[in-house]
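Trainee: this one's sequence-less:
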């Protein structure tokens, strides 16, 4: 099938010998300079010609014309200075706004209300991309921060790099071609903010680091005693957090390609992990029904008790709020300042044979009032947060067949990507034979309201 799918310390100085630059840069002319006894350069001639012309012009102008000429020159100089001043002011204003935004984001106070701009995308704006290398269920998606690339991974041990601008596939890494590194189905993909590193986990206990531009293998991290199910980079850094079925979180530094430390606390295998700018990670503990925020510098953790069942999904909205999803169909909104949810919606994706459908994926548009959820009811649902981040309600849904195993917005919110398939990303408890394994891309035409 076609891959076209997008709709839309001091720096070192080098000193040269005296006269070296002159010999290289000055081009000799054939016109002799009688005053100095050597040939003049082209630039000397141009300056002389200009000076002669100016002198000739001033000889023939009247006093009134001279005043007018000088006045015009003065006004032009003022205009240039004012233009520079305006330009500097624009830069200063931009810097001030950026610093203010970064400060608010760091404090968890940056909140942009955008949900009302979203409408249900038309069928033409929702596409399913299928390729033979993704023959099994897709499990993971990673979008670069600059919205240039998308990476998708699946159970057949393949991940693919896509170009958003060129609207095509750029490269493929498969189990067959890279069996030295890939030992099973892809469970998680993560990109650094600067797109320098791509981290990948499969069904083994190892983490593989790749160059996202060349797709060459760079390093393997070993240390977990169980399969790694979640990876996330701390924003604007090369610090990697990994979550495993061995119930631990590990921290790795890609600047040194080294292990840093291990965090313990969960009583059952970890099912999800996320992080933003602060030196913190947030995890969902599955059957222990807790969400934990790991305060790495303070060497402490915050514990939040969720609903009964398995707490499978967690995503940060900002540094102070997060969303969780459980296998009992409950989606909850939390504040880091309270131990219980601020608001919950039960059976958020309906029921199947009187059993609530699991929440299989969550995605947040950072620092906004918008998030999305996935299950296996053939719908990706978009939700709006309101009442000062204390409640949320469904806005609309996007029809998608199959298990929605991973969702991610582009950083500008213009597109939503989803990894879909016939099975749940973590097992094969039951199968949707009517679904197709592939990558969903939904394009939003944002309104101005």
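Mentor: Received the coordinates, thanks. Nothing here was measured: the structure is a model prediction, and the numbers come from that model.
Trainee: give me the beta-bridge partners of the closest residue to residue 348 other than its chain neighbours?
Mentor: Leaving aside its chain neighbours, residue 348 sits nearest to residue 331 (4.5 Å; criterion: Cβ to Cβ, 6 or more residues apart in numbering). To be clear about C-beta, it is placed using only N, CA and C from the backbone, and glycine gets the same treatment. Assessed by DSSP bridges, residue 331 has beta-bridge partners residue 325, residue 345.
Trainee: right, and residue 331 touches residue 345 too?
Mentor: Yes. Residue 331 is within contact range of residue 345, at 5.2 Å (criterion: Cβ atoms under 8 Å).
Trainee: the two: who's more crowded?
Mentor: Neighbour count, other Cβ atoms under 10 Å: between residue 331 and residue 345, residue 331 has more, with 27 against 18.
Trainee: residues in contact with that one?
Mentor: Residues near residue 331 by Cβ atoms under 8 Å, 6 or more residues apart in numbering: 323, 324, 325, 344, 345, 348, 359, 362, 373, 383, 392.
Trainee: for residue 165, pull up the helix or strand it's in.
Mentor: Secondary structure assignment for residue 165, by DSSP states H and E: no helix or strand.
Trainee: actually residue 416, not the one I wrote
Mentor: Using DSSP H and E, residue 416 sits in strand 415-421.
Trainee: next one, pLDDT for residue 342 please.
Mentor: On the pLDDT scale, residue 342 is placed at 96.
Trainee: correction: the previous question concerned residue 83.
Mentor: 77.
Trainee: can I assume it sits in a helix?
Mentor: Yes. Under DSSP: H, G, I helix; E, B strand; the rest coil, residue 83 falls within a helix.
Trainee: could you find the closest non-adjacent residue to the spatially most central residue of the chain?
Mentor: Central residue of the chain (Cα atoms, centre = their mean): residue 145, 2.8 Å from the mean position. The shortest distance from residue 145 to any residue other than its chain neighbours is 4.9 Å, reached at residue 193 (Cβ to Cβ, 6+ apart).
Trainee: from memory the one you found sits against residue 238, does it?
Mentor: No. In this structure, residue 193 is not within contact of residue 238 by Cβ under 8 Å, at 9.1 Å.
Trainee: strands of the stretch 151-300 of the chain, residue ranges please.
Mentor: With DSSP state E, counting those that start in this stretch applied, the stretch 151-300 of the chain shows strands at 159-163, 168-173, 188-191, 198-201, 207-210, 217-221, 228-233, 239-244, 248-253, 258-264, 272-274, 280-284, 290-295, 300-305, listed in chain order.
Trainee: of all these, which one is nearest residue 69?
Mentor: Residue 69 lies closest to strand 159-163 among the strands of the stretch 151-300 of the chain, at 56.1 Å (Cβ to Cβ).
Trainee: buried ones in that closest one?
Mentor: Buried residues in strand 159-163, defined by neighbour count with 16 or more other Cβ atoms under 10 Å: 159, 160, 161, 162.
Trainee: assumed the residue nearest to the centre of the chain was part of a helix.
Mentor: No. In this structure, residue 145 is coil, not part of a helix, as judged by three-state DSSP.
Trainee: now do the SS call for the nearest residue to residue 117 once chain neighbours are set aside.
Mentor: With sequence-adjacent residues excluded and distances taken as Cβ to Cβ, 6+ apart, residue 117 is closest to residue 446, at 4.4 Å. Following three-state DSSP, residue 446 is assigned to coil.
Trainee: for residue 446, grab the count of nearby residues.
Mentor: By the criterion of other Cβ under 10 Å, residue 446 has 13 neighbours.
Trainee: next up, the contacts around it.
Mentor: Applying Cβ under 8 Å, 6+ apart to residue 446 gives the contacts 114, 117, 118, 413, 414.
Trainee: at 10 Å instead, please
Mentor: Residues in contact with residue 446 (Cβ atoms under 10 Å, 6 or more residues apart in numbering) are 114, 116, 117, 118, 119, 412, 413, 414.
Trainee: cool, and residue 193?
Mentor: 144, 145, 146, 233, 234, 235, 236, 237, 238, 277, 411.
Trainee: show me which of those is closest to residue 153.
Mentor: The closest of these to residue 153 turns out to be residue 144 (Cβ to Cβ; 14.8 Å).
Trainee: and the residue nearest to the centre of the chain, what does it touch?
Mentor: By Cβ under 10 Å, 6+ apart, the residues touching residue 145 are 191, 192, 193, 194, 195, 233, 235, 236, 410, 411.
Trainee: for those residues, pick the one with the most neighbours.
Mentor: residue 233 (24 neighbours).
Trainee: centre of the chain to stretch 428-444, how far?
Mentor: Centroid displacement of stretch 428-444 relative to its chain, using Cα atoms, centre = their mean, to the nearest Å, is 23 Å.
Trainee: could you list the buried residues of it?
Mentor: 432, 435, 437, 438, 439, 440, 441, 442, 443, 444.
Trainee: same list (those residues) but as a markdown table, adding secondary structure.
Mentor: Shown next, in a markdown table, are these (three-state DSSP):
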| residue | secondary structure |
| --- | --- |
| 432 | coil |
| 435 | coil |
| 437 | coil |
| 438 | strand |
| 439 | strand |
| 440 | strand |
| 441 | strand |
| 442 | strand |
| 443 | strand |
| 444 | coil |
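Trainee: give me the low-pLDDT residue ranges for the stretch 101-250 of the chain?
Mentor: Applying pLDDT under 70 to the stretch 101-250 of the chain flags residues 101-110.
Trainee: what segments of this protein are helices?
Mentor: Secondary structure of the chain (DSSP state H): helices located at 20-25, 42-60, 63-107.
Trainee: and the ones you listed, which one averages the lowest pLDDT?
Mentor: Lowest mean pLDDT of the helices of the chain: helix 20-25, a mean of 39.
Trainee: on that earlier part again, from the buried residues of strand 159-163, which single one is nearest residue 286?
Mentor: When the buried residues of strand 159-163 are compared for distance to residue 286 (Cβ to Cβ), residue 159 wins out at 24.7 Å.
Trainee: out of everything not next to it in sequence, what's closest to that closest one?
Mentor: Counting by Cβ to Cβ, 6+ apart, residue 159 lies nearest to residue 153, which is 4.1 Å off, once chain neighbours are set aside.
Trainee: my guess is that neighbour meets residue 138, correct?
Mentor: Yes. Using Cβ atoms under 10 Å, residue 153 is in contact with residue 138, at 7.0 Å.
Trainee: which residues are common contacts for the two?
Mentor: Applying Cβ under 10 Å, 6+ apart, one finds that residue 153 and residue 138 are jointly contacted by 159, 160, 186, 405, 406, 419, 425.
Trainee: so who does the last one touch?
Mentor: The neighbourhood of residue 425, defined by Cβ under 10 Å, 6+ apart, consists of 137-140, 153-155, 185-188, 229, 360-361, 403-406, 419.
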